[in-house]
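Asker: model the following, please.
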Amino acid sequence: MVIDTSSAICSECTIWYMGKANPKQRLLEAVVDYALAHGIADQSLRAIARAAGTSHRMLIHHFGSREHLLIEVIKAAEVRQRQRLAALQAQPEATSEQIGLQLWEHLRDPAMHSQERLFFEVYGQALQGRDWALPVLEGIVKDWIGPIQRLDPMGVDPATAEIDARLGLAVTRGLLLDLLATGEGIAVDAAMRRFVQLRTAFADASRSAPQPRKGTD
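Answerer: All right, here's what the predicted structure looks like:
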């Protein structure tokens, strides 16, 4: 069973953002909406401003530069992805395997590719030590550990769940890179399904394994 909650999730995200947003946040969300729909990696600040219904001067006022705006867009898009994951996890009948595959269906959607290319481009610039890109590394792994950790079944010890979360994040990003580089969607999807199945089986085995008694070798 695959639970399709995409329309409800998108609606909830928009309400959450707009209900609590200050002028800078509202402007950022307008840019993020455009970035997710059309991509902004190769667009000038003026073009981005026009698309967001503002001026390039206002973007500079709030974000300082095009590069800093890109960082904020990436971080905001990552927040949206974590909110989507949380909403999927809230579905009472969904298993961890179903949630993982549902999230993957969203991430591998061709409509997401422009934003994902921007993510990896700026990520690479940060790894090269470019000062303007370094802020993207803040929380780039840590912020995902907790949300993904909750995919493990109850009873899995926290240390193992954290390792599983880090592995799941790395595999997902690696397969997204594979998909963007090769376009071999069928093969990449099969790899993700296989990983989710193995992860679920391993987590179930870890949960049911007898725990060693205290005070024994």
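Asker: I'd like the mean pLDDT over the helix or strand where residue 85 lies, please.
Answerer: Assessed by DSSP states H and E, residue 85 sits inside helix 66-89. For helix 66-89, mean pLDDT is 94.
Asker: and it, what other elements does it pack with?
Answerer: Packing partners of helix 66-89 (3 or more CB pairs under 8 Å, 6 or more residues apart in numbering; DSSP states H and E): helix 6-20, helix 23-38, helix 45-52, helix 56-63, helix 96-107, helix 113-127, helix 142-149. (Each C-beta comes from the backbone N, C-alpha and C, glycine too.)
Asker: so which of those helices gets nearest residue 159?
Answerer: Proximity to residue 159 (CB to CB) singles out helix 142-149 among the helices and strands packed on helix 66-89, at 10.4 Å.
Asker: other SSEs contacting the closest one?
Answerer: helix 66-89, helix 158-182.
Asker: which residue comes closest to residue 46 once chain neighbours are left out?
Answerer: In space, residue 46 comes closest to residue 56 once its chain neighbours are excluded; the distance is 4.6 Å by CB to CB, 6 or more residues apart in numbering.
Asker: what's the most buried one of the helices and strands packed on helix 142-149?
Answerer: helix 66-89 (a mean of 18; mean count of other CB atoms under 10 Å).
Asker: quick one, that one and helix 113-127 angle?
Answerer: Counting by axes from the mean of the first three to the mean of the last three CA atoms, to 10 degrees, helix 66-89 lies at 120 degrees to helix 113-127.
Asker: follow-up on the earlier one: ok, which of the helices and strands packed on helix 142-149 comes nearest residue 193?
Answerer: Among these, helix 158-182 comes nearest to residue 193, with 10.6 Å by CB to CB.
Asker: next SSE after that closest one?
Answerer: Per DSSP H and E, the helix or strand that comes after helix 158-182 is helix 185-208.
Asker: got the angle between that next one and helix 158-182?
Answerer: Counting by the same axes, to 10 degrees, helix 185-208 points 180 degrees away from the direction of helix 158-182.
Asker: other SSEs contacting helix 185-208?
Answerer: Applying 3+ CB pairs under 8 Å, 6+ apart, one finds that helix 185-208 contacts helix 96-107, helix 158-182.
Asker: what mean pLDDT does the longest one get?
Answerer: Same thing as helix 158-182. On average, the pLDDT along helix 158-182 is 94.
Asker: who's in contact with that helix?
Answerer: Helix 158-182 is contacted by residues 100, 104, 107-108, 113, 116-117, 120, 141, 144-146, 148-149, 151-152, 156, 184-185, 188, 191-192, 195, 199, 202-203, 206 when judged by CB atoms under 8 Å, 6 or more residues apart in numbering.
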